[in-house]
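Chemist: Sequence and predicted structure, then a few things I'm wondering about:
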Amino acid sequence: MKKRIYYLMIVVACITTGCSRKTVASAYQDYKIQCLGVEHDGSQTLLSWGEGRNRADAVEQAKKNAVREVIFNGIHDGNSSCDQRPVLNIPNAEERYREYFQRFFADGGEYQKYVSTVDERSGSRNVEKYQYGRKMSVTVRVLRSELRERLQNDNLLHK
């Protein structure tokens, strides 16, 4: 009789623990830069993501990411009205002109002349806080034609 109760308890324990659903929280999310539209002056409005210790760092990183994406990769997600071709369509351009782009993308660098935030309302940003900082989305406008002109004047892009 004791053996039966023992076996019955084992079976019940196996059924209740073996059939329980395991919930797994996935931390992966796709943070690609998306095109929201193109203005009449040729500038592109983008939804960009940035990471930083605080809000200001995350916003600046999002701006750098947007300019970097326009220069080297082109915008492929979101609205199809954005020019999908990169401004600098040279293989390994970032490596080839490493010193130039290190200065260009430095904190307070020249990249700031070609990007601005568009939507400053408090609820317009997606913010994810984590242990060491935050990741947030920012709506920015990248001046693509002025950026192209700058690269041509600096002899990185040939007419």
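Modeler: Thanks, I have it.
Chemist: what's the span of stretch 81-94 from first residue to last?
Modeler: Distance between the two ends of stretch 81-94: 25 Å, counting by Cα to Cα, to the nearest Å.
Chemist: Go through it and flag the buried ones.
Modeler: Cys82, Pro86, Val87, Leu88, Ala93, Glu94 (16 or more other Cβ atoms under 10 Å). C-beta: built from backbone N, CA, C; applies to glycine.
Chemist: How about the contacts made by the closest residue to the first one other than its chain neighbours?
Modeler: This means Cys82. Here the nearest residue to Cys82 in space, its sequence neighbours aside, is Cys35; by Cβ to Cβ, 6 or more residues apart in numbering that works out to 3.4 Å. Neighbour list for Cys35: Gln44, Thr45, Leu46, Ile75, Asp77, Gly78, Asn79, Ser80, Ser81, Cys82 [criterion: Cβ atoms under 8 Å, 6 or more residues apart in numbering].
Chemist: Would you map the strands across the chain?
Modeler: Taking DSSP state E, the strands of the chain run over residues 34-38, 44-52, 77-78, 115-117, 127-130, 133-142.
Chemist: what's the fourth one packed up against?
Modeler: Okay, so that is strand 115-117. On a contact count with 3 or more Cβ pairs under 8 Å, 6 or more residues apart in numbering; DSSP states H and E, strand 115-117 meets helix 55-72, strand 133-142.
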